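**Q** Give me coordinates for this.
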Amino acid sequence: MACTGSRTGTASDRRGSEGRGGSEQQPGGNGDLQEEKDALQERLDAFAQAKANGTAGVSEKITNHAAAGWTGEGVVDPTTDDWEPALAADPNAPYVYLLVTRIGQPKPCPGNCPSAYMALERSTDGGRKWSAATPLCACKGSWQYDPMIEVVPDTGDVYAAYLNGFNTVFLKSSDHGRTWSPPVKTYGNVSWTDKPALAMSDDGRDVYISFNGPTVGDPYVAQSHDFGKTWTQTKLVDSKRYYFAFDADVLHDGTVVFAESSIDYSGPATSPVGIVKHVAFISHDLGKSWTQVVVDTVDVGEPCTSAGCGPDFYIGHEAMSADDNGNLVYLYDGATTEFGPQRIFAKTSSNEGATWSARTAMSVAGENATTPAVEQIGNGDARAWYMQTGNGDAPDTWNVWYRSSKDGGTTWSTPVNLSDATSGAGYKSVDGFDEVYGDYGEICITSAGKAIAAWGEGFSWTGPGGVWVNRQL
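**A** Have a look, this model is predicted:
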């Protein structure tokens with residue numbers, strides 16, 4: 001099954017450009033192009049300021065208090081401003097692949113080449129050692145965001161996708177990530193796309209990418225049935241609500257399931273109001289028809305207030321994975337009172353998403369929690385993480401908590417802190433880190449049966465920050 005994780009955003013991050021929200025303006029217009037440039041420039045300025053005052057990157061020795069059975073977290077690159085990690089593990093070989101969005105570094109090609117680009121690292125030993133970072137695609141364009149990377153189970157081929165401006169492109173590798181095909185357009189005549197999620201069949205023939213698009217965040221699925229060579233597009237819903245695709249899986253029988261959130265941005269200044277719907281879009285006929293199932297509804301939760309952050313940064317995230325028997329586990333965040341702290345909940349389905357169990361709470365009541373990630377293998381062997389506030393004497397700091405399940409998400413182990421480094425970066429302390437940093441984080445299970453996880457930490461939403469990784473021994 002595909003590695004799965006969280007896709008987060010902000011009031012300017014989920015709307016398109018580098019943004020999220022309910023603006024009536026369509027992403028891709030001149031206004032959003034300028035908004036994207038402004039947001040990127042704010043990150044560049046924050047990184048430059050941090051370098052000037054000595055707080056950029058990891059400038060001190062990292063001190064870990066690793067949990068039993070874990071290596072302790074480490075930063076991907078101590079000198080760079082990285083966010084939005086995507087992670088993939090080969091289920092049949094020791095290859096692991098890590099993508100980060102690299103900001104503030106020299107352009108990977110001359111001329112009209114992105115100043116924010118996808119940097120790829122490869123591991124041939126289950127994540128113990130990593131290659132030097134190389135550009136996934138030194139392609140022309142203004143920026144690259146929203147990375148996805150997955151391994152085709154039967155072949156070991158690697159599939160990836162990202163936003164090239166406001167357009168979702170697909171590329172693949174048949175030599176364990178050493179070389180990549182040219183990007184293929186997946187969006188057809190859809191005028192803009194944002195926040196894609198990727199999954200494929202076991203043999204890699206059937207590839208599905210869901211993204212939001214016009215008019216104002218409607219959900220689409222782009223699909224290919226020739227290994228990503230050609231693509232068609234289907235709008236799933238016409239709605240005044242804004243949809244975000246966060247996760248997906250293709251079951252062994254070919255059933256496709258996307259986990260998505262639906263948010264109402266009709267509040268003051270297009271702020272989120274009312275309820276968040278966590279839904280599953282399901283197809284049993286290779287994407288010819290789709291059914292929408294509401295998995296649960298929750299209240300709009302606590303707003304984010306850190307630098308650059310919009311009020312919806314913490315709300316509306318899902319993670320979902322199927323085991324080898326097609327049983328699904330679905331994790332999501334949500335509040336039980338309007339604008340209150342969120343919890344992470346889990347639900348399971350034994351009938352390919354048609355119906356779902358009662359919710360099980362995974363995070364601590366009274367603390368704010370967000371961005372779950374989950375992966376399943378075998379018969380209900382599930383591994384998950386989520387971010388939660390309130391460790392020690394600093395209630396506004398964050399930590400990443402890991403839990404596992406042997407029964408497909410019905411019951412869970414005691415939480416283990418994966419963000420266990422207490423020094424090294426200016427945003428780290430004995431209590432945790434200052435802010436969730438970046439849009440993506442994931443968890444995978446290697447061919448040796450070990451969990452490996454990646455996420456972002458930073459000073460604020462604007463940053464700077466870094467991508468951190470922890471893995472089981």
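
**Q** switch to C-alpha atoms for all contacts and neighbour counts from now on
**A** Fine.

**Q** Sketch out the low-pLDDT regions of the protein for me.
**A** For the chain, the stretches with pLDDT under 70 are 1-2, 4-34, 392-393.

**Q** Break down it into its helices, ranges please.
**A** Counting by DSSP state H, the chain has helices at residues 30-53.

**Q** Return the distance of the nearest residue to residue 385 once chain neighbours are set aside relative to residue 454.
**A** Closest residue in space to residue 385, ignoring its immediate chain neighbours: residue 402 at 4.3 Å, by CA to CA, 6 or more residues apart in numbering. Separation of residue 402 from residue 454 (CA to CA, to the nearest Å): 12 Å.

**Q** re the thing from before, okay, and the beta partners of the residue nearest to residue 385?
**A** Counting by DSSP bridges, residue 402 forms beta bridges with residue 385, residue 416.

**Q** pretty sure it contacts residue 416?
**A** Yes. With contacts counted by CA atoms under 8 Å, residue 402 reaches residue 416, the gap being 5.0 Å.

**Q** higher neighbour count, those two?
**A** Taking neighbours as other CA atoms under 10 Å, residue 402 and residue 416 compare with residue 402 leading, 24 against 17.

**Q** from the chain's centre, how far out does stretch 169-180 sit?
**A** Distance, stretch centre to chain centre, for stretch 169-180: 20 Å (CA atoms, centre = their mean, to the nearest Å).

**Q** Could you export it as PDB, CA atoms only?
**A** Extracted C-alpha coordinates of stretch 169-180, given in PDB (Å, rounded to 0.1, in the frame of the first residue of the first chain):
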ATOM      1  CA  VAL A 169       2.300  17.200 -13.200                       C
ATOM      2  CA  PHE A 170       3.300  13.600 -13.000                       C
ATOM      3  CA  LEU A 171       6.700  11.900 -13.500                       C
ATOM      4  CA  LYS A 172       8.200   8.500 -12.800                       C
ATOM      5  CA  SER A 173      11.400   6.500 -12.400                       C
ATOM      6  CA  SER A 174      12.200   2.900 -13.300                       C
ATOM      7  CA  ASP A 175      15.700   2.900 -11.800                       C
ATOM      8  CA  HIS A 176      15.000   3.500  -8.100                       C
ATOM      9  CA  GLY A 177      14.900   7.300  -8.400                       C
ATOM     10  CA  ARG A 178      18.200   7.800 -10.100                       C
ATOM     11  CA  THR A 179      16.600   9.300 -13.300                       C
ATOM     12  CA  TRP A 180      13.100  10.500 -14.000                       C
END
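
**Q** which residues sit against it?
**A** 95, 97, 122, 136-137, 156-163, 181-187, 228 (CA atoms under 8 Å, 6 or more residues apart in numbering).

**Q** one more time with 10 Å, if that's ok
**A** Outside stretch 169-180, the residues that touch it by CA atoms under 10 Å, 6 or more residues apart in numbering are 90, 95-97, 120-124, 134, 136-137, 148-151, 155-164, 181-187, 196, 198, 207, 209, 227-229.

**Q** Buried only: go through these for me.
**A** Neighbour counting with 16 or more other CA atoms under 10 Å marks 90, 95-97, 120-124, 136-137, 148-151, 156-164, 183-187, 196, 198, 207, 209, 227-228 as buried within the contacts of stretch 169-180.

**Q** what's the neighbour count on residue 106?
**A** By other CA under 10 Å, the residues close to residue 106 number 13.

**Q** ok so, going back, mind listing which of the contacts of stretch 169-180 are in strands?
**A** If you go by DSSP state E, the contacts of stretch 169-180 have 96-97, 120-123, 134, 148-151, 158-164, 184-185, 196, 198, 207, 209 in strands.

**Q** about what we covered before: joint contacts of residue 402 and residue 454?
**A** 373, 385, 418, 443.

**Q** Now do the first one: how many residues are near it, please.
**A** Going back to what we said before, that points to residue 373. The burial count for residue 373: 34, using other CA under 10 Å.

**Q** So which of the shared contacts of residue 402 and residue 454 is surrounded by the most neighbours?
**A** Of the shared contacts of residue 402 and residue 454, with other CA under 10 Å as the count, residue 373 tops at 34 neighbours.

**Q** dump the residue contacts of the nearest residue to residue 92 once chain neighbours are set aside.
**A** Excluding its sequence neighbours, the residue lying closest to residue 92 (CA to CA, 6+ apart) is residue 447, at 5.3 Å. Counting by CA under 10 Å, 6+ apart, residue 447 touches 89-96, 125-126.

**Q** ok, now residue 436?
**A** Residue 436 neighbours (CA under 10 Å, 6+ apart): 8, 83, 306, 313-314, 370-371, 387-388, 397-400, 455-461, 463, 465.

**Q** so of these, which ones are in strands?
**A** 83, 370-371, 387-388, 397-400, 455-458, 465.

**Q** and of the contacts of residue 447, the nearest to residue 116?
**A** residue 96 (22.7 Å; CA to CA).

**Q** So the closest one sits against residue 89, correct?
**A** Yes. Contact criterion CA atoms under 10 Å: residue 96 and residue 89 qualify, at 4.4 Å.

**Q** Give me the common contacts of the two.
**A** 123, 126-127, 150-151, 444-447, 452.

**Q** Off-centre distance for stretch 310-321?
**A** 10 Å.

**Q** could I get that stretch in CSV with only the CA atoms?
**A** What follows is stretch 310-321, C-alpha atoms only, in CSV (Å, rounded to 0.1, in the frame of the first residue of the first chain):
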residue,chain,number,x,y,z
GLY,A,310,-4.3,31.7,8.6
PRO,A,311,-7.2,30.7,10.9
ASP,A,312,-7.7,27.4,9.1
PHE,A,313,-4.2,26.0,9.2
TYR,A,314,-5.0,23.3,11.8
ILE,A,315,-8.4,22.2,10.6
GLY,A,316,-9.7,19.6,8.2
HIS,A,317,-7.0,16.9,7.7
GLU,A,318,-7.3,13.2,7.1
ALA,A,319,-5.0,10.2,6.7
MET,A,320,-6.2,6.8,5.4
SER,A,321,-4.8,3.4,4.6
